[in-house]
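Colleague: Quick one: sequence and predicted model below, then my questions.
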Amino acid sequence: MKLLVQSDDYGITRAAAAGVIHSIRNGVIRNTGFFSNMPWAEECAEWIRPYLDQIAFGIDLNASTGCSLLGYDKVPNLCHEDGSFFTSRENRAMDTEENNFDHVNYEQVYAEFEAQIERFIEIMGRKPDYIHGHAYGTKTTDRARKTLADKYGVIYTGDFRKRDDVGSPETWYTMGASPEEQLKNRPLETIIEDKAGMLKKEYGYVVTHCGYCDMELFKLSSFNTCRAVDLAAVTDPRMKAWIEENNIELTDFRSVK
């Protein structure tokens, strides 16, 4: 089996980015997606440049964390007047039966997502290796991500995960869990026990959220202490031993066909 281990949210905060760097240097992360809309994006981009030959560096297209690149005047459907995105909770509250549980305006979310890709290209000097969706999503956000993946000629992870030759473990996250409860997550056991039969597939796909924690993270994300647990899992010797014992090849989205 070829295994893709991914850490979402590179650059959501500086501490999260530093944890992802640790997971690349000392663990099995070979794919991570950039938050290009954050004010510290250029700083975090410099940190990861030395590792770009070791990983696929993609983008996490985001409509619920931090601020819009286009702002309220251009994408009022997505954000508050100060430009901050509606949170996942606020977005879901606006998804009702009347709008088929999808309040998102396609033209606006497409424009915002494309601005995030162009910001990635401006900072990194090249296009992302893949496109991934962050947190809140609907059929409309999914369509925008797929369309942009086709436009830029890169893989969309939402489609990759659905392939018959791809296996993924069951999630170890509980939505809305407190920081204390998140520390009880069992990502390592979930992966290496392989109850989902990942080893029977050509590709295994594991999505984590590695990172350290800072105050910005607690302000921005309900996924906070779980990042330290994920980081511990992907750097654990038992993870590396499981990979070796099962003749698993670590790979990334630059090599996926």
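Modeller: Happy to help now that I have it.
Colleague: how far away is the closest residue to Y51 other than its chain neighbours from A56?
Modeller: Once flanking residues are discounted, Y51 sits nearest to I24: 5.1 Å by C-beta to C-beta, 6 or more residues apart in numbering. Any C-beta I mention is one placed from the backbone N, CA and C, and that applies to glycine too. Using C-beta to C-beta, to the nearest Å, I24 is found at 11 Å from A56.
Colleague: and what of G11?
Modeller: From G11 over to A56 (counting by C-beta to C-beta), the distance is 15 Å.
Colleague: Just want to know which of the two has more residues nearby.
Modeller: G11 (26 against 22; other C-beta atoms under 10 Å).
Colleague: how deep is the residue lying closest to D236 once chain neighbours are set aside tucked in, by neighbour count?
Modeller: Nearest in space to D236, with sequence neighbours left out and distances taken as C-beta to C-beta, 6+ apart, is L188 at 5.5 Å. Residue neighbour count, defined by other C-beta under 10 Å, stands at 19 for L188.
Colleague: Pop out the phi and psi values for L188.
Modeller: phi -60, psi -50 (degrees, to the nearest 10).
Colleague: quick one: the helix or strand harbouring L4 to chain centroid distance?
Modeller: Assessed by DSSP states H and E, L4 sits inside strand 2-10. Its chain's average C-alpha position is 8 Å from that of strand 2-10, according to C-alpha atoms, centre = their mean, to the nearest Å.
Colleague: do the same with stretch 238-246
Modeller: 24 Å.
Colleague: just the CA coordinates of that stretch, formatted as CSV?
Modeller: Provided in CSV are the C-alpha atoms of stretch 238-246 (Å, rounded to 0.1, in the frame of the first residue of the first chain):
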residue,chain,number,x,y,z
ARG,A,238,4.9,2.6,16.9
MET,A,239,3.6,4.4,13.8
LYS,A,240,6.9,4.1,12.1
ALA,A,241,7.2,0.4,13.1
TRP,A,242,3.6,-0.3,11.7
ILE,A,243,4.6,1.3,8.4
GLU,A,244,7.8,-0.8,8.2
GLU,A,245,6.2,-4.1,9.2
ASN,A,246,3.5,-3.8,6.6
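Colleague: For I55, list the residues it contacts.
Modeller: 24, 29-32, 252 (C-beta atoms under 8 Å, 6 or more residues apart in numbering).
Colleague: one more time with 7 Å, if that's ok
Modeller: I55 sits next to 24, 30-32, 252 when contact means C-beta atoms under 7 Å, 6 or more residues apart in numbering.
Colleague: from the chain's centre, how far out does the helix or strand harbouring D142 sit?
Modeller: Following DSSP H and E, one finds D142 within helix 139-152. Its chain's C-alpha centre and that of helix 139-152 lie 15 Å apart, by C-alpha atoms, centre = their mean.
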